[in-house]
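Visitor: Fold the following and give me the result.
(2 chains)
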Amino acid sequence: MGLLAVTVIGRDGPGIIAAVTEVLAELGGNLEDSSMTLLHGRFAMTLVVAVDHSADDVAGALAPVADPRGLFVSVADIPTDTEPVFTGNQYVLHVHGGDRPGIVSALTHVVAEHRGNITDLTTRLTGDLYVAVAEVELPSDVDGDVVARKLDEAARRLGVEASFVPADVDVL
Amino acid sequence: MRAVHRAPDAILSTPAIEADPTDPQILQACADLVATMRAHAGCVGVAAPQIGLGIRAFCLDVTGHRKAKSSHGLVVLMNPRLVDAHDPVLAREGCLSVPDLTGDVRRPAFVVVRGQVPGTGSELEFRADAFEARAFSHELDHLDGLLFLDRVASAHAIYARRNYL
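Guide: Got it, this is the predicted structure:
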């Protein structure tokens, strides 16, 4: 069974998820991972679907529910190779401050320069306040304190606040 | 020790039943709880449903944990009940029975829990704070058929667990 990446973006309204997932279920598709949210008032969903149909077939099946709602849909094949085993440490990056261009770019460059991998990132703009929260994986040979210091320096140059702390998971 | 049952095993979603704390089989079950907890590095608690037993029993031990303010050491409790809880705090937690996910869960920073001592059945009361209170809350949930997945704070408060103790 192949894997497809399905993205749906458009004006929000009741029933989008129900309609899209009904089509995928009728095709025998299994939603393996998904993320759905509102972005600037627009509904955005990204799904990884295991299904025995081609990307074109799935896109065609989704058209009757997407087109009347004005939804933009894309469907693409994605590789089914397994994820590499991660052996490092997880951190959370919190950023907030006055909005200006380049905040995400500057801070994620610092993460990348230290071989950090961002596995989740949410940004929100409300009024002049810009907020970003990222989940970051660092290789075990990278010092999180060093990355925190570099992020703080970059944040100061941008005039925003940044904190970089261990994800701190406790097994109960 | 016993094998840890993992979600979606139905026993983890089934409320456990009260049991006789003086029953020798129950005593063995409590010993198995402690052995299973000790066998997993970083684990601070195990509830009976996690080892396949539908009885209201759990053990916990937060001794030496960096987030613990106070600790009662090893606690093994039968038929426990929550008497009081307040000061909810949000923190990220995981569970042996959900090995590949973690989640942000709001739990009380102070609890009062009463229960029975395995073997004698005598009543004990624990007043726990901080991380030990979180551990009590998490284990009590297991006895009610609840996982941390039932309590995550929001739709985006669940995460893939990528590093293991």
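Visitor: mind checking how far the closest residue to residue B:45 other than its chain neighbours is from residue A:149?
Guide: Among residues not flanking residue B:45 along the chain, residue B:60 sits closest, at 3.5 Å (Cβ to Cβ, 6 or more residues apart in numbering or on different chains). All C-beta atoms are positioned from the backbone trio N, CA, C, and that covers glycine. Per Cβ to Cβ, to the nearest Å, residue B:60 is found 37 Å from residue A:149.
Visitor: Helices of chain A, start to end?
Guide: A:16-26, A:55-66, A:103-113, A:144-158 (DSSP state H).
Visitor: now the ones you listed as a markdown table including mean neighbour count?
Guide: As requested, the helices of chain A are arranged in a markdown table below (neighbours: other Cβ atoms under 10 Å in any protein chain shown):
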| stretch | mean neighbour count |
| --- | --- |
| helix A:16-26 | 15 |
| helix A:55-66 | 16 |
| helix A:103-113 | 16 |
| helix A:144-158 | 16 |
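Visitor: Save those helices as JSON lines, and put in mean pLDDT and distance to residue B:120 too.
Guide: Supplementary listing: the helices of chain A in JSON lines, determined by pLDDT from 0 to 100; distance: least, Cβ to Cβ, whole Å:
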{"stretch": "helix A:16-26", "mean pLDDT": "96", "distance to residue B:120": "54"}
{"stretch": "helix A:55-66", "mean pLDDT": "97", "distance to residue B:120": "63"}
{"stretch": "helix A:103-113", "mean pLDDT": "96", "distance to residue B:120": "56"}
{"stretch": "helix A:144-158", "mean pLDDT": "96", "distance to residue B:120": "48"}
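Visitor: out of these, nearest to residue B:127?
Guide: Nearest to residue B:127, of all the helices of chain A, is helix A:144-158, at 35.4 Å by Cβ to Cβ.
Visitor: Could you list every helix and strand in contact with that closest one?
Guide: Packed against helix A:144-158 by the contact rule (3 or more Cβ pairs under 8 Å, 6 or more residues apart in numbering or on different chains; DSSP states H and E) you find strand A:89-98, helix A:103-113, strand A:160-166.
Visitor: Show me the shaky parts of chain B.
Guide: By pLDDT under 70, the weakly predicted segments of chain B are B:162-165.
Visitor: Return the residues in contact with the residue positioned nearest the centre of it.
Guide: Residue closest to the average C-alpha location in chain B (Cα atoms, centre = their mean): residue B:139, at 2.0 Å. Applying Cβ atoms under 8 Å, 6 or more residues apart in numbering or on different chains to residue B:139 gives the contacts A:172, B:45-47, B:58-60.
Visitor: which of the residues in the helix or strand residue B:89 falls within are buried?
Guide: Using DSSP states H and E, residue B:89 sits within strand B:75-95. Buried residues in strand B:75-95, defined by neighbour count with 16 or more other Cβ atoms under 10 Å in any protein chain shown: B:75-80, B:82, B:85, B:91-95.
Visitor: To which secondary structure element type does residue B:22 belong?
Guide: Three-state secondary structure (criterion: DSSP: H, G, I helix; E, B strand; the rest coil) places residue B:22 in coil.
Visitor: Alongside chain A, which residues does chain B contribute?
Guide: B:40, B:42-45, B:65, B:67, B:91-96, B:102, B:131, B:134-135, B:138-139, B:148, B:155-156, B:159-163, B:165 (Cβ under 8 Å from any Cβ of the partner chain).
Visitor: among those residues, which are in strands?
Guide: In strands, judged by DSSP state E, the following of the residues of chain B next to chain A are found: B:45, B:91-95, B:102, B:159-160.
Visitor: Format those residues as a markdown table; extra columns: distance to residue B:35.
Guide: As requested, those are exported to a markdown table (distance: Cβ to Cβ, whole Å):
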| residue | distance to residue B:35 |
| --- | --- |
| B:45 | 13 |
| B:91 | 27 |
| B:92 | 27 |
| B:93 | 22 |
| B:94 | 20 |
| B:95 | 18 |
| B:102 | 25 |
| B:159 | 29 |
| B:160 | 29 |
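Visitor: Could you check how far residue B:130 is from chain A?
Guide: Distance, residue B:130 to chain A, by Cβ to the nearest Cβ, to the nearest Å: 11 Å.
Visitor: can you give me the offset of the strand holding residue B:89 from its chain's centre?
Guide: A distance of 7 Å separates the centroid of the chain from that of strand B:75-95, by Cα atoms, centre = their mean, to the nearest Å.
Visitor: now that strand and strand A:160-166, what's the angle there?
Guide: 130 degrees (axes from the mean of the first three to the mean of the last three Cα atoms, to 10 degrees).
Visitor: that older thread, how many other residues sit next to the residue nearest to residue B:45?
Guide: Residues within reach of residue B:60, counting by other Cβ atoms under 10 Å in any protein chain shown, total 29.
Visitor: Tell me if I'm right that it and residue B:43 touch.
Guide: No: if you go by Cβ atoms under 8 Å, residue B:60 and residue B:43 don't touch, sitting 9.4 Å apart.
Visitor: I am finished for the moment; much appreciated.
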